[in-house]
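Colleague: Predicted model and sequence follow; I will ask about them next.
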Number of protein chains: 2
Amino acid sequence: MRPTTKDLAKAAGVSLATVDRVLNGRPGVRKQTVKAVNEAIERIGFIRNQSAANLARGRLYRFQFLLPETGEDFLATVIERIEEASAAFRAESLDITLRRSLSNDPHATARILSRLSPERVDGVAIMAPESPQVRDATTRLIERGVQVVQFVSGQPGLRPVDFIGVDNNSAGATAGRLLGRFLGARAGKVLVVSETMNSLDSVERRLGFDTVLTKDFPRLTALPSVETYGDPARTRAVIANSYANHPDIVGAYLLSSEARPALMALCEASDPSAQVILAHERTAFTEAMLREGTLDAVIAQNPGHLVRSAIRSLRARSDGREPLASQERIRIEILIRENLGPA
Amino acid sequence: MRPTTKDLAKAAGVSLATVDRVLNGRPGVRKQTVKAVNEAIERIGFIRNQSAANLARGRLYRFQFLLPETGEDFLATVIERIEEASAAFRAESLDITLRRSLSNDPHATARILSRLSPERVDGVAIMAPESPQVRDATTRLIERGVQVVQFVSGQPGLRPVDFIGVDNNSAGATAGRLLGRFLGARAGKVLVVSETMNSLDSVERRLGFDTVLTKDFPRLTALPSVETYGDPARTRAVIANSYANHPDIVGAYLLSSEARPALMALCEASDPSAQVILAHERTAFTEAMLREGTLDAVIAQNPGHLVRSAIRSLRARSDGREPLASQERIRIEILIRENLGPA
DNA sequence: GCATTTCTGAGGTACGTACCTCAAAATCAT
DNA sequence: ATGATTTTGAGGTACGTACCTCAGAAATGC
């Protein structure tokens, strides 16, 4: 059996009460005694039994995911994973809830954040684009004692808030490299479709994409980003227009999380099999398009990892620990037909 | 607060003792009563508190990883992950140890397995090639009450033992697709290097690779597999020989886990930058080769996932539960320079 | 050397579940 | 209806840690 607090007390030559004081950082212990206990911890290899600790604490971590109202396929898989995690973590004193209420209006988002209180929630994972309003509201939220992570959308390392998601610059670069290599010796123009270029995420992907293309694939010219604003009619119009104006388009990069509208419009406006087409995120739709060969590759982040990583980070912060940055790095996955797994 | 066994007893109209009997599958409860309790579980949403359960059980799961003696880079990263997991899971009543003692001799491996007893270990993850001796020893091990999973090496679904690893057929197919697409319009021969073609893993990768190549890239011809037998001198010789005999080699697929010897030999024998070269597994070496451009892509399985998945599966089996197949599927990762992450 | 403050020990209860025993109740077979 | 058997209830202890109180010991200031 592993050493317990009792063994630790004996080994350190102190009482259980003192061990408890040291372990939980309670005041009223001489530095000297603290050191003795810590040395004993090292010496006998004491490891706190988390199960027992949680049980004794009776602590319930209440975390909330705040997601946008809009969004179809990708958001749906994220929500699935949240629900899964919610069920799975319930046995570990974690109460995970989901609110799908964030609109594109930063003021509205800020207002929602301002209403969150530490009495009702211990931490939130926010999926909202960067904006000064949201940043301020987040800062105040943290000051009130609520833990916060930026989820999927946002900027790694820019703010004093953990970011859970991929490095979008690298994601764009990955897309650029694949598109270039898949096109082989072919030359021509590349269509880039985005919901909006107002978000940092899109800008970074585009930047990474362009960097690789200009440097290593000079025979390819990336067209200016076409913005759909999430409007189906506009999507069809602008994409049709692009193909009409540029008969020499040989590839397309759909850099938004929701690939469906753009890809459907693209198929209407041109022949997808004559081009190399890349999109983001694994959804039932992109998976089907990969299998049938319409999409050539998908750049994805694992939604399950995203969710679990957000939860782990919130939990670490709630315990006053630092999340393990290395473990929480979200990988950029490349999917082609062959590594999708069984259907 | 979440409902406890006490609440459940009240809700089901039975005593705590009966609830306990039902929850832990003890005998001496009428079917009718079992049903009543299960309905109450559904009704009030009872979830067993795993922390408390583990604490009460005082159960310690002792799992062991049995790895081969030989192997450099990939095995080293696997071992790192095992050590990490060992540390991380210690707080959850898991005692993970590592034995690096399996040789290529199936009889020796079988002998080691035959000496494992359920008094000293609850489950083992075995990384050893398929062989009748090992299969028999495994069967007897299971009969003695030790849980077993096949780790990395082996055959999914072939035996009544969980397999933790990628589908090697798909892995080979993924390599085939990437090689074909990266080569674009180029035609020529493709070198395939393997440590040995005696293992099922290698055969499957080769099969998947060939299937894609013949079907979708007829201008490429995959040469017969070159076997290195893990011998550096032989490796250099056979690879040099291949390039001498086939001046029209345009690509290479190194299908073994340990890419270093083959790739070094390849670089000696030819100009890697004129070819498309794929290898397996992410190691410090393959990572460096990707970054400098010698390797074009790496097909990998996440060692951390492998290890944790093995542990979860062993634990589920030890608890008499079925591992969640969907959660334990190991993904086939594609790595290029751009999605490696920061250096 | 005394009063004062700081530190430590002893002992307790609690968390939710597992597992045990023993007696009482319900059900069954005859 | 009787005895045998099965099912259930009541009550207990244990797991390892957190957190509480209170008394006593040790260190400190003067």
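Modeller: Structure's in. What do you need? Remember, predicted model here, so these are calculated numbers, not experimental data. Numbers count the residues shown, from 1 in each chain, chains lettered A, B, ... in the order given.

Colleague: Straight-line length of stretch A:27-35, end to end?
Modeller: Using CA to CA, to the nearest Å, one end of stretch A:27-35 lies 14 Å from the other.

Colleague: what comes up buried for that stretch?
Modeller: A:29, A:33 (16 or more other CB atoms under 10 Å in any protein chain shown). No exception for glycine: its C-beta is placed from N, CA and C like everyone else's.

Colleague: what's in contact with that stretch?
Modeller: A:14, A:18, A:21, A:22 (CB atoms under 8 Å, 6 or more residues apart in numbering or on different chains).

Colleague: one more time with 10 Å
Modeller: With CB atoms under 10 Å, 6 or more residues apart in numbering or on different chains as the test, stretch A:27-35 has contacts from A:12, A:13, A:14, A:17, A:18, A:19, A:20, A:21, A:22, A:25, A:36, A:37.

Colleague: tally of neighbours for the second one?
Modeller: Right, the one you point to is residue A:13. 11 (other CB atoms under 10 Å in any protein chain shown).

Colleague: got a list of what the nearest residue to it once chain neighbours are set aside touches?
Modeller: Among residues not flanking residue A:13 along the chain, residue A:36 sits closest, at 7.0 Å (CB to CB, 6 or more residues apart in numbering or on different chains). Contacts for residue A:36 (CB under 10 Å, 6+ apart) come out as A:11, A:12, A:13, A:14, A:18, A:22, A:29, A:30.

Colleague: Secondary structure added to those, as JSON lines?
Modeller: JSON lines is the format used below for the contacts of residue A:36 (DSSP: H, G, I helix; E, B strand; the rest coil):
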{"residue": "A:11", "secondary structure": "helix"}
{"residue": "A:12", "secondary structure": "helix"}
{"residue": "A:13", "secondary structure": "coil"}
{"residue": "A:14", "secondary structure": "coil"}
{"residue": "A:18", "secondary structure": "helix"}
{"residue": "A:22", "secondary structure": "helix"}
{"residue": "A:29", "secondary structure": "coil"}
{"residue": "A:30", "secondary structure": "coil"}
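
Colleague: from those, which are also near DNA strand C?
Modeller: Checking those against DNA strand C by CB under 7 Å from any atom of the strand, the ones in range are A:13, A:14, A:18, A:29, A:30.

Colleague: Give me the distance between the last one and residue B:75.
Modeller: When you say that, I think you mean residue A:30. The gap separating residue A:30 from residue B:75 is 48 Å, by CB to CB, to the nearest Å.

Colleague: do the third one as well
Modeller: Noted for residue A:18: a distance of 45 Å to residue B:75, by CB to CB.

Colleague: Emit the ChimeraX select command for whichever of the contacts of stretch A:27-35 are buried.
Modeller: In ChimeraX, this line selects whichever of these come out buried by 16+ other CB under 10 Å:
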select /A:12,14,18,19,21,22,36,37
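
Colleague: quick one: low-confidence ranges for the stretch 51-200 of chain A?
Modeller: A:71, A:91, A:155-160 (pLDDT under 70).

Colleague: Smallest distance to DNA strand D belongs to which residue of it?
Modeller: Proximity of the stretch 51-200 of chain A to DNA strand D (CB to the nearest atom of the strand) peaks at residue A:56, 2.7 Å away.

Colleague: Which residue is the nearest non-sequential neighbour of the residue in the stretch 151-300 of chain A that chain B sits nearest to?
Modeller: Per CB to the nearest CB, residue A:184 is where the stretch 151-300 of chain A lies closest to chain B, at 2.3 Å. Distances taken as CB to CB, 6+ apart place residue B:184 nearest to residue A:184, at 2.3 Å, with adjacent residues excluded.

Colleague: Let me know whether the one you found touches residue B:178 as I believe.
Modeller: No - in this structure residue B:184 lies outside contact range of residue B:178 using CB atoms under 10 Å: 11.9 Å.

Colleague: which residue ranges form the strands in chain A?
Modeller: Counting by DSSP state E, chain A has strands at residues A:61-68, A:94-102, A:123-126, A:147-151, A:162-164, A:188-194, A:220-222, A:226-227, A:249-254, A:276-280, A:297-300, A:333-335.

Colleague: and the fifth one, anywhere near chain B?
Modeller: No - contact between strand A:162-164 and chain B, assessed by CB under 10 Å from any CB of the partner chain, is absent, since the two come no nearer than 13.8 Å.

Colleague: Can you list the strands that that strand pairs with?
Modeller: Take DSSP bridges as the rule and strand A:162-164 pairs in its sheet with strand A:147-151 (parallel).

Colleague: What is the neighbour count of the residue of the stretch 101-250 of chain A found nearest DNA strand C?
Modeller: As assessed by CB to the nearest atom of the strand, DNA strand C sits closest to residue A:122 within the stretch 101-250 of chain A, at 17.5 Å. Other residues within reach of residue A:122, judged by other CB under 10 Å, total 21.

Colleague: What about residue A:219, how many residues nearby?
Modeller: Residues near residue A:219, counting by other CB under 10 Å, number 12.

Colleague: next one: residue A:69
Modeller: Using other CB under 10 Å, residue A:69 has 12 neighbouring residues.

Colleague: That one contacts residue A:79, correct?
Modeller: No - taking contacts as CB under 10 Å, residue A:69 lies outside contact range of residue A:79: 11.9 Å.

Colleague: ok, now which ones touch the residue nearest to residue A:184?
Modeller: Residue B:184 neighbours (CB under 10 Å, 6+ apart): A:181, A:182, A:183, A:184, A:185, A:186, B:276.

Colleague: Residues of chain A that sit close to DNA strand D?
Modeller: Looking at DNA strand D, the residues of chain A close enough under CB under 7 Å from any atom of the strand are A:1, A:4-6, A:16-17, A:20, A:23-24, A:46-49, A:52-53, A:55-57.

Colleague: Of the residues you listed, grab the buried ones for PyMOL.
Modeller: Here is the PyMOL command that selects the buried residues among the residues of chain A next to DNA strand D (16+ other CB under 10 Å):
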select buried, chain A and resi 4+5+23+46+49+53+55
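
Colleague: and the residues of chain A next to DNA strand D, which of them are in helices?
Modeller: Counted as lying in helices by DSSP state H, out of the residues of chain A next to DNA strand D, are A:5, A:6, A:16, A:17, A:20, A:23, A:52, A:53, A:55, A:56, A:57.

Colleague: OK, contacts around the closest residue to the third one other than its chain neighbours?
Modeller: Yep, that's residue A:16 we're talking about. Spatial nearest neighbour of residue A:16, chain neighbours left out: residue A:9 (4.8 Å); criterion: CB to CB, 6+ apart. The neighbourhood of residue A:9, defined by CB under 10 Å, 6+ apart, consists of A:15, A:16, A:17, A:18, A:19, A:20, A:37, A:40.

Colleague: and residue A:9, how far is that from residue A:42?
Modeller: Using CB to CB, residue A:9 is found at 15 Å from residue A:42.
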